[in-house]
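# What follows is a protein structure lacking sequence information:
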């Protein structure tokens, strides 16, 4: 993650706040959860950290970790889903509530994409060329047309592309 730009300008911070404000469920894969959840929990309890409010949001929001190896959660506000991804996400979407946000890694997000489970893509393009990495669109067996909703560039150099799957 050393290639990711973390020197966000205020406009990008506001964009992310607006994106995450209406969420009431976070879904993520086990590999990312092992770092993501403890990191944000430590931020949430540090009043000196400038991201303390984001830390509280991520810590207090219920999380579902998808795993084939974990049987129970070791984290607060977190349950482990071990069933079929399509069934589990479909059940989450059918529940009362607000928005669900998915955080990677690449394997987990690729699985969501492959099964057409993502309603909105917010792709953060960092101003770095790394030459390799884990692509998230590689496991599709056919192409998926997307509709550009909005492209937003920020002074820090990051561009966010908001797409929705094109409805046939």
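Happy to help now that I have it. Here the structure is a predicted model, which means the values were calculated and not measured.
# Output the lowest mean pLDDT helix or strand found in this protein.
Among the helices and strands of the chain, helix 106-114 carries the lowest confidence by mean pLDDT, DSSP states H and E, at a mean of 87.
# Go through the longest helix seen in the chain and flag the buried ones.
Identified as the longest helix of the chain according to DSSP state H is helix 30-44. Buried residues in helix 30-44, counting neighbours by 16 or more other CB atoms under 10 Å, are found at 30, 32-34, 36-37, 40-41, 43-44. For glycine as for every other residue, the C-beta is placed from the backbone atoms N, C-alpha and C.
# So what pairs up with the residue nearest to the spatial centre of the chain in the strands?
For the chain, residue 103 is the residue whose C-alpha lies nearest the centre (CA atoms, centre = their mean; 2.3 Å). With DSSP bridges as the criterion, residue 103 is bridged to residue 28.
# Strands of this structure, start to end?
Taking DSSP state E as the test, the strands found in the chain are 23-29, 63-66, 78-81, 99-103, 121-125, 146-153, 159-165.
# Buried deepest among those strands, which one?
Among these, the stretch with the highest mean neighbour count (mean count of other CB atoms under 10 Å) is strand 63-66, at a mean of 22.
# Give the rounded mean pLDDT of that strand.
Throughout strand 63-66, pLDDT has a mean value of 94.
# Numbering from 484 from now on, please.
Sure, I'll start numbering at 484, so the last one becomes strand 546-549.
# list the helices and strands that strand packs on?
strand 506-512, helix 513-527, strand 561-564, helix 568-577 (3 or more CB pairs under 8 Å, 6 or more residues apart in numbering; DSSP states H and E).
# Can you tell me which of these is nearest to residue 597?
The closest of these to residue 597 is helix 568-577. By CB to CB, the value is 9.2 Å.
# And that closest one, what does it pack against?
So helix 568-577, by 3+ CB pairs under 8 Å, 6+ apart, packs with strand 506-512, strand 546-549, helix 589-597.
# Can I get the ones you listed in a markdown table including distance to residue 636?
Listed next are the helices and strands packed on helix 568-577 as a markdown table, based on distance: least, CB to CB, whole Å:
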| stretch | distance to residue 636 |
| --- | --- |
| strand 506-512 | 24 |
| strand 546-549 | 31 |
| helix 589-597 | 23 |
